[in-house]
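Student: sequence and predicted structure are below.
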Amino acid sequence: MNSSKVYSLLLLFFLIFSFCSKKDNEEEIIVVEPTEKIYFPSITTNTWETITPEDLQWNLNKIEDLKTFLSEKNTKSFIVLYNGKIVIEEYFNNHTSTSNWYWASAGKTLTSTLSGIAQDENLLNIHDKVSDYLGTGWTSATLEKENLITCKNLLSMTAGLDDSLGDDVSADNLKYVADAGTRWAYHNVYVKMQEVVAKASNTTWTNYFNTKLRDKIGMNGVWTDIGSLNVYWSTTRSMARFGLLISANGKWENTQIVSENFINEATNTSQNINNSYGYFWWLNGKPNYHLPQSQAQFNGELIPNAPADLFCALGKNDQKIYVVPSKKIVIIRMGEAAENVNFALSNFDNDLWEKMNDVIE
C-alpha cells in the first residue's frame, strides 16, 4: 500500500475518532439533573398547594405515630413544607388554621430579618454602634464601654450586659459585665434592635415590619407588648410563610425581600463563643453550644437527631421553626410546652426529630 493511501486511511480514522469523542462529550454536557422550583403560595389568598407523603415516599404508618406524639406533647399546630408545598398540616386541642398563637423568642428571627432589610436599604449598618442610632446613655455602662456595643453585638447576643437582672431593658437595668464581643449571654436587650430599625427608618417598628416583610409575603399577625418585650402573634401558616422565605434565601417568588448575603450571615456562626448561634437563629451540626441563663459550654450538636445543616428559631414553650436545606423542608410547631416550661431548646426538639426521621428516611 502506497504512502498516500496510508495517509488517507489514517486521516479518515482520526476524523471518525474525533467525531465520536466530540459526540460523547456533548452528550455528557447535555445530561443535567433538572432543578425543582420552589413553590410560593399566593399573598392575596389562603390557598396553598400540597404534595402527598406518598409522592415523597414517606412512611405513612410513622406519620400516624408522629401525630399521636404531637397531640400528647401539648401541640396546637404542626406544618411540614417540602420545597414550599404543604405535606403535613395538623391542628390539635381546639386550635384551628385561623387561630393566632405567640411566637415567643422564635420571633427574634423576625427582628434579625428586619435588621437585614434595613441594612439592604442603607438605612443602617450592623457594624455601627447602637448609640449612633439611639444616642448615648441607653445603658448604665460608661460611655467608653457603651460605645463598644454594635448592632451586630445585639444580633449575636454579645452585648456584654448583665443577663441576670430580668426582662426590663431600661438604661438602669442594662449594666456592664464584660466588653462587647467577649461574652455570649441570652438577653432581652435584643429588643433594642427594634428601636434601632425604627429610628433608622424614621417610622414605627410595626409599620416598617408590616410594609417591608409581613405584607410582602402574605403573613397575618400583630405585635403585642408584654412587659418590656414585643411579642409576635400569628397563624401557623404565617409562621410557615416566614420559614419558607428564609429557606429560599430571602427571596419570595421573583422578589428579594432580604439579601441572600444577610441570610447567610444570620444562619451561620456569628461570633467565636457560641458556635451554634447566628443572628437569633440556632444552628445545628456544630461541635458545641451555649444555652440561655448559663455560661457553660455543652459539647456536641444542638439537636443530635436532626440533620447537621438544620437551623432553627426556638421560642419559649416549644415554638419552633426548623429549616433543613438538604431535605428541602420547613417545619413549624406551635403550642404549649411539650413537657416543662423552657426558654428555647428542650428535650422535645430531639424527640421530635427522632419521629421525623422515621417518617422521611
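Tutor: Alright, I've got the coordinates. What you see is a predicted model, and the numbers here were worked out from it, not measured in a lab. Residues are numbered from 1 along each chain as shown.
Student: what's next to stretch 295-304, contact-wise?
Tutor: With contacts defined as Cβ atoms under 8 Å, 6 or more residues apart in numbering, stretch 295-304 is touched by 183, 185, 276, 282-291, 308, 310, 312, 345, 349-350, 353. For every residue, glycine as well, the C-beta is placed using N, CA and C.
Student: now do the buried residues in it.
Tutor: Using 16 or more other Cβ atoms under 10 Å as the test for burial, stretch 295-304 gives E301, L302, I303.
Student: give me the pLDDT for the second one.
Tutor: Model confidence at L302, expressed as pLDDT, equals 97.
Student: which stretch of helix or strand covers it?
Tutor: Here L302 sits in a region with no helix or strand, counting by DSSP states H and E.
Student: buried subset of the contacts of stretch 295-304, written for PyMOL?
Tutor: Restricted to buried positions by 16+ other Cβ under 10 Å, the PyMOL selection for the contacts of stretch 295-304 reads:
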select buried, resi 183+185+276+282+283+284+285+286+289+290+291+310+312+345+349+353
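Student: can you flag which of the contacts of stretch 295-304 belong to strands?
Tutor: W282, L283, N288, Y289, C312 (DSSP state E).
Student: isn't the last one up against D318?
Tutor: Yep, that's C312 we're talking about. No - look at C312 against D318 with Cβ atoms under 8 Å: they stay out of range, at 11.4 Å.
Student: G218 against R241, yeah?
Tutor: Yes - in this structure, G218 is within contact of R241 by Cβ under 8 Å, at 6.0 Å.
Student: more crowded one of those two?
Tutor: Each of G218 and R241 has its neighbours counted (other Cβ atoms under 10 Å); R241 has more, 27 against 18.
Student: strands along the stretch 101-250 of the chain, start to end?
Tutor: 101-102, 222-226, 229-234 (DSSP state E, counting those that start in this stretch).
Student: what segments of the protein are helices?
Tutor: Applying DSSP state H to the chain gives helices spanning 3-30, 60-72, 108-120, 131-134, 143-146, 151-156, 192-201, 205-209, 215-217, 236-247, 260-266, 347-360.
Student: of all those, which lies closest to E339?
Tutor: Of all the helices of the chain, it is helix 347-360 that lies closest to E339, at 6.6 Å by Cβ to Cβ.
Student: centre of the chain to that closest one, how far?
Tutor: Put simply, helix 347-360 sits 19 Å off its chain's centre (Cα atoms, centre = their mean, to the nearest Å).
Student: kindly report the same for stretch 199-217.
Tutor: That offset, for stretch 199-217, works out to 19 Å (Cα atoms, centre = their mean).
Student: list the buried residues in that stretch.
Tutor: K199, A200, S201, W205, Y208, F209, N210, K212, L213, R214, I217.
Student: for the residue nearest to the third one when sequence neighbours are not counted, what are its contacts?
Tutor: In other words, S201. Nearest residue to S201, sequence neighbours excluded (Cβ to Cβ, 6 or more residues apart in numbering): Y208, at 4.7 Å. Contact analysis of Y208 by Cβ under 8 Å, 6+ apart lists L114, A118, V197, A198, S201.
Student: drop anything exposed from those residues.
Tutor: Buried among these (16+ other Cβ under 10 Å): L114, A118, V197, A198, S201.
Student: can you add pLDDT and distance to K145 and give those residues back as JSON lines?
Tutor: What follows is the buried ones among the contacts of Y208, written out as JSON lines (pLDDT from 0 to 100; distance: Cβ to Cβ, whole Å):
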{"residue": "L114", "pLDDT": "98", "distance to K145": "27"}
{"residue": "A118", "pLDDT": "98", "distance to K145": "25"}
{"residue": "V197", "pLDDT": "98", "distance to K145": "23"}
{"residue": "A198", "pLDDT": "98", "distance to K145": "24"}
{"residue": "S201", "pLDDT": "98", "distance to K145": "27"}
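Student: which among those residues gets closest to L56?
Tutor: Closest to L56, out of all of those and judged by Cβ to Cβ, is L114, at 33.4 Å.
Student: my guess is that closest one contacts A198. True?
Tutor: No - contact criterion Cβ under 8 Å: L114 and A198 do not qualify, at 9.7 Å.
Student: so what sits against both of the two?
Tutor: With Cβ under 8 Å, 6+ apart as the test, L114 and A198 both reach W205, Y208.
Student: count the neighbours of the closest residue to N347 other than its chain neighbours for me.
Tutor: Closest residue to N347 apart from its sequence neighbours, by Cβ to Cβ, 6+ apart: E339 at 6.6 Å. Counted with other Cβ under 10 Å, the neighbours of E339 add up to 14.
Student: pretty sure P325 sits against A308.
Tutor: No - the pair P325 and A308 does not pass the contact test of Cβ under 8 Å, sitting 10.6 Å apart.
Student: quickly note the distance from the closest residue to K286 other than its chain neighbours to P287.
Tutor: In this structure, K286 finds its nearest non-sequential neighbour in N275, 4.0 Å apart by Cβ to Cβ, 6+ apart. N275 sits 6 Å away from P287, going by Cβ to Cβ, to the nearest Å.
Student: where does this structure dip in pLDDT?
Tutor: Scanning the chain for pLDDT under 70 picks out 1-35.
Student: how does it look with 80?
Tutor: Counting by pLDDT under 80, the chain shows low-confidence ranges at 1-35, 228, 341-344.
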